[in-house]
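S.K.: A structural model of the following input is requested.
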Amino acid sequence: MPDSKMLERYANLLVSHGLNVQEGQVVNISTEAIHRDFAVLVAKEAYKKGAKLVSVILGDQRLERLRILHSKEEDLSYVPAYVPVKYKELVDETAANLKIIGSENPECIADLDAKRVNTVRMGQRMALKYFYDEGIGKSKVHWTVAAAATPEWGRKVFPDLDGFEACEKLWKAIFSVCRADKENCLELWKEHNDALHTRAASLNEMSIEELHFVGPGTDLKVYLSEKAVFKGGGDLGPRGVEFEPNIPTEEVFTTPDYRKTAGQVRTTRPFVINGKLVKGLTLEFKDGEITAFEAEEGEDTFREYISSDEGAKRLGEVALVGTDSPVFQSGLLFREILFDENAACHIAVGSAYKFCLADGDTMSKEDLESIGCNESSAHTDMMISSDEVDVKAKTYSGEEFLLIEKGAWAI
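M.R.: Sure, this is the predicted structure:
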């Protein structure tokens, strides 16, 4: 087991800084059953902060596997009516929602038919559209995604170790990159948040029209709308206080114009879609759309995913991350997007963040479409930078700036 004091400190970090639980707030925690003890520890911290109720949902991927294997095709997208009702109430209650990732068996659904897996996942996503659009997209709930280690996930990261040792080492890595290994972690997170806010503000002052990524196998131009706003660090919630959506987080990110992305890009780290690894992916974009792609591994999985809807073939996010990131500095491939996206610049196919557009939260669907805001039901991040990649910015006034040089921030 990990150090008990550090585990308590981490739980407190998630409650006090991540969710920033307020007096009388409802807290919802979802995770796999293997993390029930950690969920109880988090619940204890939440009640100490004055939570009205802490609800914990424990899942098991083996049950999802059985459904994907045996359900009728027409039943795969079914979601009971009470599920979206519950998540709508979380939004209406301005609740706090914590998702604790970390798979008990990362390979549990990796061998299953990609189309059936995608049908189940997209059905769940569509059923919770209100929650994702209003709760997450407009920050009407305090939401945080964080992680807890498991032996099998640990073995993916440290394949030379047995499950117990790998899990212990993974916990230490999680604590380290999340700054939870320091007694003053709450103070460190405040300083880190301030730095991310400052960097985002600097980028916003530039009025950037185009981000140009250049490196081995990459020559990609990502265009932004005039309403694009860079965000980073904590977000302001409905109760007038900040919360931290991701722990860890090292990115500043914004919403691109989905109609304009052009060029070629090669991913620099593997990533997982619906339990399956996608590795060595090269993409070509024209007029915002993926026109060709190939992958060393997981090509069929990626093809099925971007066929989810029209928006899944276009970008919804672009994010900048420097090599000063603790995740990059760790030298680890975590095989979890929460961590790996914070090691490198990345793009995401699928849905955009409306809060990364000036007045985006109040714009009509037609107005959002007119500025190229992607309304897809999908969203998957792909890492595209390394210490060999430069990122240049071109402003609406025609000025050019070097933002990132060989992976490191240049501003």
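S.K.: which SSE is the most centrally placed residue in the chain in?
M.R.: Among the residues of the chain, the one closest to the centroid is residue 338, at 5.3 Å (C-alpha atoms, centre = their mean). Using DSSP states H and E, residue 338 sits in helix 337-340.
S.K.: for the stretch 1-150 of the chain, which segments are assigned as strands?
M.R.: Using DSSP state E, counting those that start in this stretch, the strands of the stretch 1-150 of the chain run over 26-32, 53-59, 96-101, 142-147.
S.K.: can you put those strands in JSON lines and add mean pLDDT, distance to residue 109 and mean neighbour count?
M.R.: Bear in mind the C-beta positions are built from the backbone N, C-alpha and C, glycine included. Formatted as JSON lines, the strands of the stretch 1-150 of the chain follow (pLDDT from 0 to 100; distance: least, C-beta to C-beta, whole Å; neighbours: other C-beta atoms under 10 Å):
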{"stretch": "strand 26-32", "mean pLDDT": "99", "distance to residue 109": "13", "mean neighbour count": "21"}
{"stretch": "strand 53-59", "mean pLDDT": "98", "distance to residue 109": "12", "mean neighbour count": "15"}
{"stretch": "strand 96-101", "mean pLDDT": "98", "distance to residue 109": "15", "mean neighbour count": "22"}
{"stretch": "strand 142-147", "mean pLDDT": "98", "distance to residue 109": "19", "mean neighbour count": "24"}
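S.K.: redo the ones you listed as a markdown table? Include distance to residue 393.
M.R.: Listed next are the strands of the stretch 1-150 of the chain as a markdown table, based on distance: least, C-beta to C-beta, whole Å:
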| stretch | distance to residue 393 |
| --- | --- |
| strand 26-32 | 38 |
| strand 53-59 | 42 |
| strand 96-101 | 32 |
| strand 142-147 | 28 |
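S.K.: residues in contact with the closest residue to residue 177 other than its chain neighbours?
M.R.: Nearest non-adjacent residue to residue 177, counting by C-beta to C-beta, 6 or more residues apart in numbering: residue 326, 4.5 Å away. Going by C-beta atoms under 8 Å, 6 or more residues apart in numbering, residue 326 touches 176-177, 179, 248, 250.
S.K.: longest helix of the chain?
M.R.: Looking across the chain with DSSP state H, the single longest helix is helix 185-206.
S.K.: dump the C-alpha coordinates for that helix into CSV.
M.R.: Taking C-alpha atoms only, helix 185-206 is exported to CSV below (Å, rounded to 0.1, in the frame of the first residue of the first chain):
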residue,chain,number,x,y,z
CYS,A,185,1.1,20.8,-2.1
LEU,A,186,-2.0,23.0,-1.8
GLU,A,187,0.3,26.1,-1.8
LEU,A,188,2.3,24.7,-4.8
TRP,A,189,-1.0,24.1,-6.7
LYS,A,190,-2.0,27.7,-6.1
GLU,A,191,1.3,28.9,-7.5
HIS,A,192,1.1,26.5,-10.5
ASN,A,193,-2.5,27.7,-11.2
ASP,A,194,-1.4,31.3,-11.1
ALA,A,195,1.4,30.5,-13.6
LEU,A,196,-1.0,28.7,-16.0
HIS,A,197,-3.5,31.6,-15.8
THR,A,198,-0.7,34.1,-16.6
ARG,A,199,0.5,32.1,-19.6
ALA,A,200,-3.1,31.8,-20.9
ALA,A,201,-3.5,35.6,-20.5
SER,A,202,-0.3,36.2,-22.4
LEU,A,203,-1.5,34.1,-25.3
ASN,A,204,-4.9,35.8,-25.3
GLU,A,205,-3.2,39.2,-25.6
MET,A,206,-1.5,38.1,-28.8
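S.K.: that helix packs against which elements?
M.R.: Judged by 3 or more C-beta pairs under 8 Å, 6 or more residues apart in numbering; DSSP states H and E, helix 185-206 is in contact with helix 4-13, strand 231-232, strand 252-254, strand 390-395.
S.K.: out of the ones you listed, which one sits most buried?
M.R.: strand 252-254 (a mean of 25; mean count of other C-beta atoms under 10 Å).
S.K.: quick one: contacts of that strand?
M.R.: For strand 252-254, the external contacting residues (C-beta under 8 Å, 6+ apart) are 196, 199-200, 203, 224, 228-232, 317-320, 353, 356.
S.K.: for residue 371, find the nearest of the strands of the stretch 1-150 of the chain.
M.R.: strand 142-147 (25.1 Å; C-beta to C-beta).
S.K.: which residues touch that closest one?
M.R.: With contact meaning C-beta under 8 Å, 6+ apart, strand 142-147 is reached by 14, 18-22, 25, 94-102, 135-136, 174, 178, 237, 239, 243-247, 336, 338-339.
S.K.: out of the residues you listed, which end up buried?
M.R.: Applying 16 or more other C-beta atoms under 10 Å to the contacts of strand 142-147, the neighbour count classes 14, 18-22, 25, 94-98, 100-102, 135-136, 174, 178, 237, 239, 243-247, 336, 338-339 as buried.
S.K.: can I see the domain layout of the chain?
M.R.: Domains of the chain are assigned by automatic domain parsing as 4-177, 201-234+243-409.
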